[in-house]
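Q: here you go, sequence then predicted model.
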Amino acid sequence: MKQSFFTVRENTCIAKNVYRITLTGDTSGITAPGQFVNIKLQGLYLRRPISVCDLCGDELTLVYKVVGEGTALMCRLVPGEKLDLLTGLGNGYNLDKAGDCPLLIGGGAGVPPLYLAAKKLVALGKKVSVVIGFNTADEVFYEDEFKALGCDVTVTTADGSLGVKGFVTDALPSGFTYFYTCGPEPMLKAVYRSTSVSGQFSFEERMGCGFGACMGCTCRTVTGSKRICREGPVLEKEEILW
């Protein structure tokens with residue numbers, strides 16, 4: 001964990017209630033896709049955890065959905081403002097297990113951390129497929145960005161307004177060797193039941209401290225309860241108790 005000050009470079013709405021913020025600062029604490037940062041916002045006691053979407057040199061990209069007081073404050077940040085971040089939190093995805101044809105499965109606000117994973121997997125020469133799910137067409141984001149990496153991308157919407165009508169589990173391809181997923185817990189459970197190969201699950205949990213001190217975010221595993229912010233947010237399929 002590393003505490004640093006970052007400068008806002010850009011903060012743009014990219015879909016319904018979804019924003020992309022680009023920051024510059026010391027990114028050396030971020031070592032794996034799937035890690036998150038914890039942002040201090042003026043007037044709020046608790047920091048807000050946001051997954052890392054992309055990383056390039058000293059430039060950090062986060063994609064977040066406005067769902068509460070903290071993210072409502074974030075969407076009003078303007079270029080030049082300074083933010084206090086804790087970086088390098090969580091364990092992130094282990095890409096060594098991907099095999100030749102990994103599948104990335106994301107739902108809504110769980111899509112952003114998969115982008116950096118896809119970027120690194122493509123750089124490793126993997127044939128990457130992506131399935132991303134949303135409720136409606138106006139909530140869809142990063143379809144083009146994944147395609148620009150060279151990924152085979154499928155979009156699902158619950159109402160059928162774009163792509164495949166239904167949920168991500170209605171559009172899983174065949175032949176993938178391993179999977180990485182992030183999204184709301186009902187989606188993660190559905191992916192768990194619908195897959196026969198191994199994979200890694202990134203959990204979205206409310207967090208107090210973000211680094212394991214408060215024990216506020218836990219998941220039951222075969223070796224006991226694990227803290228999502230410390231031993232997670234990524235857990236392997238075989239260790240999760242559902």
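A: Looks like it arrived, so ask away. Numbering: from 1, shown residues only.
Q: let me see the residues that make contact with the lengthiest helix in the chain.
A: Counting residues, the longest helix in the chain under DSSP state H turns out to be helix 112-123. With contacts defined as Cβ atoms under 8 Å, 6 or more residues apart in numbering, helix 112-123 is touched by 33-34, 36, 51-55, 62-64, 93, 95, 98, 102, 104-106, 128, 130, 132, 142, 145-146, 149-151, 180-182, 202. In short, each C-beta sits where N, CA and C put it, glycine included.
Q: for PyMOL, write a command that selects the buried ones of these.
A: Under the burial definition 16 or more other Cβ atoms under 10 Å, those of the contacts of helix 112-123 that qualify are selected in PyMOL by:
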select buried, resi 33+34+36+51+52+53+54+55+62+63+64+93+95+98+102+104+105+106+128+130+132+142+145+146+149+151+180+181+182+202
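Q: check what pLDDT the nearest residue to Gly107 once chain neighbours are set aside gets.
A: Leaving aside its chain neighbours, Gly107 sits nearest to Gly183 (3.0 Å; criterion: Cβ to Cβ, 6 or more residues apart in numbering). For Gly183, the pLDDT comes out at 95.
Q: ok, now Gly208?
A: At Gly208, the pLDDT value in this model is 57.
Q: surely Arg47 meets Leu73?
A: No - contact criterion Cβ atoms under 8 Å: Arg47 and Leu73 do not qualify, at 12.0 Å.
Q: these two: who's more crowded?
A: Higher neighbour count among Arg47 and Leu73: Arg47, with 21 against 16, using other Cβ atoms under 10 Å.
Q: give me the phi and psi angles of the more buried one.
A: When read as degrees, to the nearest 10, the backbone of Arg47 gives phi -70, psi 160.
Q: let me see the contact set for it.
A: Contacts of Arg47 by Cβ under 8 Å, 6+ apart are 38-41, 86, 210.
Q: sorry, back to before: among the contacts of helix 112-123, which lie within strands?
A: Judged by DSSP state E, strands contain the following of the contacts of helix 112-123: 36, 51-55, 62-64, 102, 104-106, 130, 132, 180-182, 202.
Q: returning to what we had before: find residues that contact each of Arg47 and Leu73.
A: Residues touching both Arg47 and Leu73 by Cβ under 8 Å, 6+ apart: Leu41.
Q: distance of Arg76 relative to Asp144?
A: 26 Å (Cβ to Cβ, to the nearest Å).
Q: ok, now Lys16?
A: Distance, Lys16 to Asp144, using Cβ to Cβ: 16 Å.
Q: count of residues packed around Gly68?
A: 10.
Q: let me know the pLDDT of it.
A: 93.
Q: what's the top strand by length along the chain packed up against?
A: Criterion DSSP E: the longest strand present in the chain is strand 2-15. Counting contacts by 3 or more Cβ pairs under 8 Å, 6 or more residues apart in numbering; DSSP states H and E, strand 2-15 is packed against strand 18-24, strand 59-65, strand 82-89.
Q: spatially nearest residue to the residue positioned nearest the centre of the chain (excluding sequence neighbours)?
A: With distances taken as Cα atoms, centre = their mean, Pro113 lies nearest the centre of the chain, 2.8 Å away. Closest residue to Pro113 in three dimensions, ignoring its sequence neighbours and counting by Cβ to Cβ, 6+ apart: Ser51, at 4.0 Å.
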